[in-house]
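Participant: coordinates for the following, if possible.
(one chain, ligands or ions: 1)
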Amino acid sequence: MKDIKDLSFDEWKAELVQIGQPAFRAGQIFDWIYKKGATRFEDMTNLGRDLQEKLGRAYIVGTLELFGVFRSKDRAEKYVFRLHDGPRIESVLIPAGGRATVCVSTQVGCKFACAFCASGRHGFVRHLAPSEIVGQVLFLRDHIDMALTNIVFMGMGEPFDNYENLVKAIVILNSPHGLGIAARRMTVSTAGIIPGIERFKKLGLQVNLSVSLHATSDAQRSALMPLNKKYPLGKLLAACENYLKEGGRKITLEYVLLKKVNDTAEDAFHLARIAARLKAKINLIPFSPVIGLPFEVPEEGRVLDFRRKLEDKGVPVTLRHSKGRDIQAACGQLALLERNPSDRLFRCAPK
Ligand code: SAH
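Facilitator: As a prediction, the model looks like this:
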């Protein structure tokens, strides 16, 4: 059976018309699903019994099954969901100031195996369907007592490796018939898949783009991010320049700080030059420790020093201390728990 949440509003309207229904029904049904949180056709009282039954035979409104909620001291909350075929994914809610940002996964596992990231360590399992990407946001919207303001596609997986489903999810989240979340409040983060960047620009959405840079030379970037061998730095930066030239919104460069690996004065110097060339903001992320990985977190003083070196060159910097460190909320760290269930990684406080 088809999950209606895999369809954009236009696709759903076309499908309904094809089965002989008037187009206005599409809006009614999307309202039930996205505005009122209905998951059963029999609850959609303005449809009439016949249509309820007809839809019930051909479609479902899928929901995610909650596996656990983990709360951190800094108010980040990790939601772990079990998918219908078994694997687990996670979303992280990050309240900060007046904002509530939800960080969603786009794949189970990841193909790209960045050396410092937990997600790629156990390989790739499968893509998430649009309904599973949208479902994470819907679940949180309906289960927390604050309004979701921002969405970042920075959970498990590489968004541009699941391009079609990502874009469909964005369209549904953005549509006034769906969740009505402004494109400018969404951010896609990529490890640097150049064709994805090019296609994304052509879409003409106002969604923000972040690029995970993490190193300023091909040798170092290839060592940390094997994807760099396919999409080397020079070509990646040229693709970013084109993106901006064609009217794309400002790019943010993410840079994970790994002690004595990429946090030297020379690294800061090269990073500042790249940022200036792209007029980009830098998002510095001190490494969030992953058990079993040979990297360390730089001391606070070293981090602040690195930031100052960038700022001295006029580069705008945000320092994002990973939220939810105590609940292993950084990118895909749940994978470790599954691998070794005796590890007491979580301070578990289910709702
Ligand atoms: N595949 C996408 C989304 C990944 S997660 C991408 O690469 O951009 C979002 C960010 O967290 C990326 O910049 C990623 O490199 C970074 N990240 C992954 N593991 C991390 C860790 N252990 N500590 C800090 N940042 C990490």
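Participant: what residues are up against the spatially most central residue of the chain?
Facilitator: Residue closest to the mean C-alpha point of the chain, counted by Cα atoms, centre = their mean, is F153 at 1.5 Å. Counting by Cβ atoms under 8 Å, 6 or more residues apart in numbering, F153 makes contact with 103-104, 106, 159, 166, 186-189. C-beta coordinates here come from the backbone N, C-alpha and C atoms, glycine included.
Participant: just the pLDDT for it.
Facilitator: Looking at F153, its pLDDT is 97.
Participant: now the one 5 residues further on
Facilitator: Note for E158: predicted pLDDT of 97.
Participant: so what's the residue count around it?
Facilitator: Residues near E158, counting by other Cβ atoms under 10 Å, number 26.
Participant: next one: the one 3 residues further on
Facilitator: Per other Cβ under 10 Å, the neighbour tally for D161 reads 19.
Participant: can you check R249 too?
Facilitator: 16.
Participant: distance of it relative to the ligand?
Facilitator: Counting by Cβ to the nearest ligand atom, to the nearest Å, the gap from R249 to the ligand is 17 Å.
Participant: one more: I197?
Facilitator: Applying Cβ to the nearest ligand atom to I197 and the ligand gives a distance of 12 Å.
Participant: wait, isn't that residue in contact with L244?
Facilitator: No. Counting by Cβ atoms under 8 Å, L244 is not a contact partner of I197; they are 10.7 Å apart.
Participant: looking at these two, which is more packed in?
Facilitator: Remark: of I197 and L244, I197 carries more neighbours, 22 against 16, as counted by other Cβ under 10 Å.
Participant: now the more buried one: which helix or strand?
Facilitator: Following DSSP states H and E, one finds I197 within helix 194-203.
Participant: so how far is that helix off the chain centroid?
Facilitator: 17 Å (Cα atoms, centre = their mean, to the nearest Å).
Participant: what residues of it count as buried?
Facilitator: For helix 194-203, a neighbour-count test (16 or more other Cβ atoms under 10 Å) marks 194, 196-197, 200-201 as buried.
Participant: let me see the mean pLDDT of that helix.
Facilitator: The pLDDT scores in helix 194-203 average 95.
Participant: so what pLDDT did V303 get?
Facilitator: So V303 comes in at 96 (pLDDT).
Participant: sort out for me which of the contacts of F153 are in helices.
Facilitator: L166 (DSSP state H).
Participant: restrict the contacts of F153 to those near the ligand?
Facilitator: S189 (Cβ under 6 Å from any ligand atom).
Participant: just checking, R221 touches L233?
Facilitator: Yes. Using Cβ under 8 Å, R221 is in contact with L233, at 5.7 Å.
Participant: which residues do these two both contact?
Facilitator: Joint contacts of R221 and L233 (Cβ under 8 Å, 6+ apart) are A215.
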